[in-house]
Structures are given as C-alpha cells and as structure tokens.
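Peer 1: sequence plus the predicted model coming up.
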Amino acid sequence: MYFKPKCLSTTGLADDVLKSDKKSCKRYGPCGVGQKAIYLNNMVLDRCYYIPFDCIQRVYKRVAMSKGGYTGKGVFGSIPYLVVEFDGSKQRQFTFKYEEDVDRMLNRVAAVRPELKRMSETAEAKLRQRDAERAAKILPELSNRARKNIELLERAAEYLNKKPELAEELSASARRKRALLISKPVYRWVALAITLMGAAAFTYGIYSLMHQGTFAIYFTLFGLAAIFLFSGVSVLPTARNNRKAILARAERAEKAMDRYLSGYPDFPVPARYAHPVVLTRMERAIREGRAVEPGQALEVVKKDLQALNADVQVEKDEYDEVVAIKAMFLVQNYA
C-alpha cells in the first residue's frame, strides 16, 4: 500500500514521479534512498517525509553519546542521527536505531549522487587539518620492502572492496556481539518491566476512554504508554536480538569472509580482521615508519586501538574508523 510522504523542502516531486521513486527506494532502517529523493522518518512512522536530492546541500551522520556509551556501563550507548541540510539554510536530523544503517544509507547516497557533500562544514575543516598533520608524519623516503608491502595492502583492499558487504557485515555483527557481551542481564529485566508498565498504562487508558474519563487522562496515559513501550521494546530480546542469533550472525560473517579470502592466497590479515579500514591503518603505519612488515603493521593497529578508550577524544573520521573495526578486535581479545 502506498502512503504519500510529506515534502519537507520548498520544491517537491510530481506525484507520479514520487510514487514510483518511493516504491523503488532502498530502505535503511526507518529511512530510504531513491533515485530522486531521500525518504525520512519521524518518531512513529518510517519514510513519511521526503526531500528531493536537488534541494539538498549536505547529508551526513551525527552521533550523540550518552553517559557510559564508550564504556558499556550505561543502558544506552551512541545515538545515531542522519542530518540533512536543504533549501540553503534549513537543517533536520532523523534518529536511527543502528549506526550501521546510517552508514549504509550514506554509502547509497554516494552511489546515487556522488557530488553531494556527506559531512558538515566543521568536519570538512577538521579533516583538512587532520590530513595536513598526517602528511607531516609520513616519511619522505621508504625502503623498497616498505613500498612493496604498501602495494600488497592496497591490492588486498581492492579485493575486499569488490564485495564490500562482507566487510560491512563482519563489522556490524562484531559490534552487535560486543554489545551483547558487555550488557548486563538486569537491563533486559528493566526493559521488560518498562514494557509491562507501558502495556498497563495503555490498557487503563482504553478503560478510561470507555468510561468517559477526562482528555488529560487520555493524553497522559497514552503518552506514557508510547514512551514506555518504545523505550522498552528496543532492549527486549526479539527473533534477531537475542544471544543465540547474535552469536550465530557473527560466526556466519566470519565464515563468509573466510570463504571469500580462500580465493586470495596469503591475504595479509586473518579473516576475522579483514576490513578495508584495518588495511588502511596498516598502510598508514608503514608510511609513518612505525612498521615495515604487514604483521608488524597489524600489531601497531592493535596497539593504537587499545589506547583508545572513553577518555580519548577523536575527530569524526577517526571515530568512524574506530567504530568500524574496534569491536572486531575486542570480541577476539586482540588475538
């Protein structure tokens, strides 16, 4: 069934174009990417808004960290948003449940509209500064052996990029597994209690409605029900969000990568760490003179990741790299 989304920009699409584009859009969490527009959510409905690409100046990820987000001590961790800047001066942000959905959506935007900017102006300025700092660290001359190993890592990265979904799933499943391993069972019981409270509030709201209660009672009880239900259900076990399913997903991802790498003799890293970001950071270590051999470079990557904790602040691009790969090392105890 087709529900016409509301246009957030001053210029919209023709009804027939909009209908066709929305039906064929690729879905990522509560949002989607078509050929003509991106489709966005509100707190309740998925893809109920849209903005044509021609009206968008920037679209990028923003991550808010709640207390305990890096340490795993809190019930909640990072809260990912998709930020859209459009019509010259307008900006809206849209909440996602899983950060990997935002990343996949931005990758799709890059494929559909490669010219569209996918980071904020502040992030662009910091990126230029970061690039200048990294350039200053690179050795002016490298040994023949170091250059050969850099070429080896570049070829390996090209091989991985032929099937990027394997590395994405390896990363996403490791993050989910890590969240499972550090979460406390009491959180699920708290979530269950909150959900039951929401259900009770909802039931009493219906009862009050049938017995001519005041409007304030309806508003309060239905509001509480919505808050309790939405906050509680996100933590409760489901068909895909339970221990057995999460561990099985991580195992499948590693086996799929291992099968793919069987066609590439002497791949420079084990399948459990086969991600383009790992290879990029290994290459960077060699260019900076911190390693020469791939094995040494991998140890440098491990050391750098171990040094990053809740007390260390990093730039957005560094954050994205760390988020993509650190869980892969954590669940393996850096072995």
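Peer 2: Structure's in. What do you need? Numbers count the residues shown, from 1 in each chain.
Peer 1: burial of A37, as a residue count?
Peer 2: Using other C-beta atoms under 10 Å, the number of residues around A37 comes to 26. From N, CA and C alone the C-beta is placed, and that goes for glycine too.
Peer 1: and the pLDDT at Y319?
Peer 2: On pLDDT, Y319 comes in at 79.
Peer 1: I'd like the distance between it and L127.
Peer 2: 12 Å (C-beta to C-beta, to the nearest Å).
Peer 1: for the helix or strand that contains V59, packing partners?
Peer 2: Assessed by DSSP states H and E, V59 sits inside strand 56-65. Taking 3 or more C-beta pairs under 8 Å, 6 or more residues apart in numbering; DSSP states H and E as contact, the helices and strands that strand 56-65 lies on are strand 78-86, helix 99-112.
Peer 1: who touches the last one?
Peer 2: Helix 99-112 is contacted by residues 26, 28-29, 31-35, 38, 53, 59-61, 63, 78, 80-82, 96, 116, 118, 164, 168, 171-172, 175, 320, 323 when judged by C-beta atoms under 8 Å, 6 or more residues apart in numbering.
Peer 1: check stretch 155-163 too.
Peer 2: 166-167, 260, 264, 267-269, 274-276, 279-280, 283.
Peer 1: from the residues you listed, keep the buried residues only.
Peer 2: L166, A167, Y260, F267, P268, V269, A274, H275, P276, L279, T280, E283 (16 or more other C-beta atoms under 10 Å).
Peer 1: what sits against the last one?
Peer 2: If you count contacts by C-beta under 8 Å, 6+ apart, E283 has them with I150, L153, E154, A157, A297.
Peer 1: how far out from the middle of the chain is the strand holding V59?
Peer 2: Here strand 56-65 is found 12 Å from its chain centre; the criterion is C-alpha atoms, centre = their mean, to the nearest Å.
Peer 1: can you give me the helices in the stretch 201-335 of the chain?
Peer 2: Here the stretch 201-335 of the chain has its helices, by DSSP state H, counting those that start in this stretch, at 215-233, 243-261, 276-287, 294-307, 316-330.
Peer 1: output these as JSON lines; include the columns distance to A199.
Peer 2: As requested, the helices of the stretch 201-335 of the chain are exported to JSON lines (distance: least, C-beta to C-beta, whole Å):
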{"stretch": "helix 215-233", "distance to A199": "7"}
{"stretch": "helix 243-261", "distance to A199": "24"}
{"stretch": "helix 276-287", "distance to A199": "43"}
{"stretch": "helix 294-307", "distance to A199": "42"}
{"stretch": "helix 316-330", "distance to A199": "33"}
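Peer 1: out of those helices, which is closest to G88?
Peer 2: Closest to G88 of those is helix 316-330 (C-beta to C-beta; 23.5 Å).
Peer 1: for that closest one, which residues meet the burial criterion?
Peer 2: The neighbour-count check on helix 316-330 (16+ other C-beta under 10 Å) flags 316, 319-330 as buried.
Peer 1: so which elements touch the one helix or strand R27 maps to?
Peer 2: R27 is part of strand 26-28, with elements assigned from DSSP H and E. If you count contacts as 3+ C-beta pairs under 8 Å, 6+ apart, strand 26-28 packs onto helix 99-112.
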